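> everything below, folded, please.
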Amino acid sequence: MIRSRRSIRQYLDKVPEDKLIQQILEAGSWAPSGLNNQPWRFVVINDKKTIGEVAKFTQYSKIIKDAPILIAVFLDGGSSYNRDKDLMAIGACIQNMLLEVHRLNLGACWLGEILNQKEQVEKCLKIEEDAELMAVITLGYPDEQITQGCRKTLKSLILKEI
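Next up, the predicted model:
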């Protein structure tokens, strides 16, 4: 699953069922977090007008506009106890969701560039001050060929063996 998952940027005009979206969120909620504080919060967006508004805040607007569903992932400041650890936990949460998306034969793309305008996205979505945008994930049924992935050699990634 890990090796065959890919970022999907083109989607069929078909909305994933609510039960599948719930399964994806559930997978995210099972990520590890320091003190089990579970600092992630989600906003599921399926309204085309709102999707179009969110798309204005990134150079990847076409990917967002073409997606049937968006999942905005937030850090809940009220449950945060250590920002570094909470950021890692949210990364694990997102990875869990991406793997579940793949398992369900759906497609998703984790968009981070939108964070350059996260305050505007938060305002657009009417999010309270205590929640900070961490990512927007596009979600839908893939409408593109899945390519083979490639990675750097493991040897090139190891800094030192002691």
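> max-length strand in the protein?
Longest strand of the chain, by residue count under DSSP state E: strand 131-140.
> check the offset of the very next helix or strand once past it from the chain's centre.
Moving toward the C-terminus from strand 131-140, the next helix or strand (DSSP states H and E) is helix 154-157. Taking C-alpha atoms, centre = their mean, to the nearest Å, one finds the center of helix 154-157 at 27 Å from the center of the full chain.
> average pLDDT for helix 154-157?
Per-region confidence: helix 154-157 scores 90 on mean pLDDT.
> just the CA trace of it, in PDB.
The C-alpha trace of helix 154-157 is given here as PDB (Å, rounded to 0.1, in the frame of the first residue of the first chain):
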ATOM      1  CA  LEU A 154      18.200   4.200   0.900                       C
ATOM      2  CA  LYS A 155      22.000   4.500   1.100                       C
ATOM      3  CA  SER A 156      21.800   8.200   0.000                       C
ATOM      4  CA  LEU A 157      19.300   8.900   2.800                       C
END
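> which elements pack onto the longest strand of the chain?
helix 61-66, strand 69-76, helix 83-103, strand 107-111, helix 118-124 (3 or more C-beta pairs under 8 Å, 6 or more residues apart in numbering; DSSP states H and E). Just so you know, the C-beta spots here come from the backbone N, C-alpha and C atoms, and that holds for glycine as well.
> may I see the ones you listed arranged in a markdown table, with mean pLDDT and distance to Gln145 as well?
A markdown table is the format used below for those (pLDDT from 0 to 100; distance: least, C-beta to C-beta, whole Å):
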| stretch | mean pLDDT | distance to Gln145 |
| --- | --- | --- |
| helix 61-66 | 97 | 16 |
| strand 69-76 | 98 | 21 |
| helix 83-103 | 98 | 15 |
| strand 107-111 | 98 | 11 |
| helix 118-124 | 97 | 30 |
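> among those, which is nearest Ser33?
In terms of C-beta to C-beta, the element of the helices and strands packed on strand 131-140 nearest to Ser33 is helix 83-103, at 3.7 Å.
> okay, buried residues for that closest one please.
85-86, 89-90, 92-102 (16 or more other C-beta atoms under 10 Å).
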